[in-house]
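Participant: kindly generate the corresponding structure for this input.
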Amino acid sequence: MKRAAWVCGLLFVIPGLCSAQTKPWTEWSKKDVDKTLNDSAWGQTQVEERAEQPKNVEAVTQVAAPRAANRQMDREGESGEAKPVAATKYRVRFLSAKPIRAAFARNLLLAQQEPTEDLKTQLQTFVDRDFSSYIVVAVSVEVGDEKMAGPIMRAFTAATTEALQNQVYLERKDGKRLFLMEYRAPTQDGMGAKFVFKRSVDGQAFLDKSDNVRFFAQLNEKMKVNTRHKLSEMLYDGRLEY
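Facilitator: Below you'll find the model as predicted:
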């Protein structure tokens, strides 16, 4: 019952918006799902790594024998070079594209030992939702350094449409930009924050298959998300999906 309620919430993740692969999404493997969500025309990953500052090895050798200093270096990995730490990964996905919704739905099915027919029906409804008036980009974050998790999540939860309207946009290859219409902070649906744009401007689609599009979002001085996508590769079941 709890699972069904969660799915019902998923179907209305953006209130008000509703009034490649060749095999069916219900047959996708976990590899298919991960590829679609994280490394495809519709879903990309921006990786940022922080590095520890090198420590002063020379100071160690002044107060200890060389052998002791070497043991200390081996133990702590101190070679005088910056040591990489776990990366922060921004997952940027066109939620308004059917294959992304299909990947989320399949991921949920794969997590169930015996998914019910009711669950399958609800997920199919989610996959088939109509996004003909809007473009929705979902951004989620995987944080390797726990010390960074709090500030990053606070930036997403504290953001508002008004604050981001001029800081978030889709940009075509000709330089024209489509600015944010509405922002939705992350919820428990697992898909991250949602950035909503109008699909058409002055009665014309802002994007077509000849375009390349850049998604740009600056949540604060330190957090920038910047990914590029090829519309010519966003074909699914014979139609352009974004």
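Participant: every contact and neighbour count from this point should use C-alpha atoms.
Facilitator: OK.
Participant: mean confidence score for the helix or strand K194 falls within?
Facilitator: Following DSSP states H and E, one finds K194 within strand 193-198. Strand 193-198 comes out with an average pLDDT of 98.
Participant: mind listing what that strand pairs with, with the direction of each?
Facilitator: Strand 193-198 sits in its sheet next to strand 134-143 (antiparallel), strand 182-184 (antiparallel), going by DSSP bridges.
Participant: which of these sits closest to Y236?
Facilitator: Smallest distance to Y236 across those (Cα to Cα): 16.1 Å, for strand 134-143.
Participant: buried set for the closest one?
Facilitator: Applying a neighbour-count criterion of 16 or more other Cα atoms under 10 Å, one finds 134-141, 143 buried in strand 134-143.
Participant: stretch 207-220 now?
Facilitator: 207, 209, 211-217, 219.
Participant: per-domain residue ranges of this structure.
Facilitator: According to the domain assignment given by automatic domain parsing, the chain is divided into the following structural domains: 2-49+86-240, 52-85.
Participant: looking at those domains, which one has the lowest mean pLDDT?
Facilitator: Note on the domains of the chain: lowest mean pLDDT is at domain 52-85, with a mean of 45.
Participant: which other residues reach the strand holding K194?
Facilitator: The set of residues external to strand 193-198 that reach it, using Cα atoms under 8 Å, 6 or more residues apart in numbering, is 133-140, 156, 178-187.
Participant: number of nearby residues for V47?
Facilitator: Residues lying near V47 (other Cα atoms under 10 Å) number 13.
Participant: note down every partner strand of whichever helix or strand it is part of and its orientation.
Facilitator: Assigned by DSSP H and E, V47 belongs to strand 43-52. Partner strands for strand 43-52, per DSSP bridges, with pairing direction: strand 83-94 (antiparallel).
Participant: pull the distance from the partner strand to the chain's centre.
Facilitator: From the chain centre to the centre of strand 83-94 is a distance of 10 Å (Cα atoms, centre = their mean, to the nearest Å).
Participant: show me which residues of it are buried.
Facilitator: 87-94.
Participant: how about those residues in CSV, adding distance to A105?
Facilitator: Shown next, in CSV, are those (distance: Cα to Cα, whole Å):
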residue, distance to A105
A87, 27
T88, 25
K89, 22
Y90, 20
R91, 17
V92, 17
R93, 14
F94, 14
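Participant: so which of those residues is the closest to K173?
Facilitator: Among these, and counting by Cα to Cα, the member closest to K173 is F94, at 17.8 Å.
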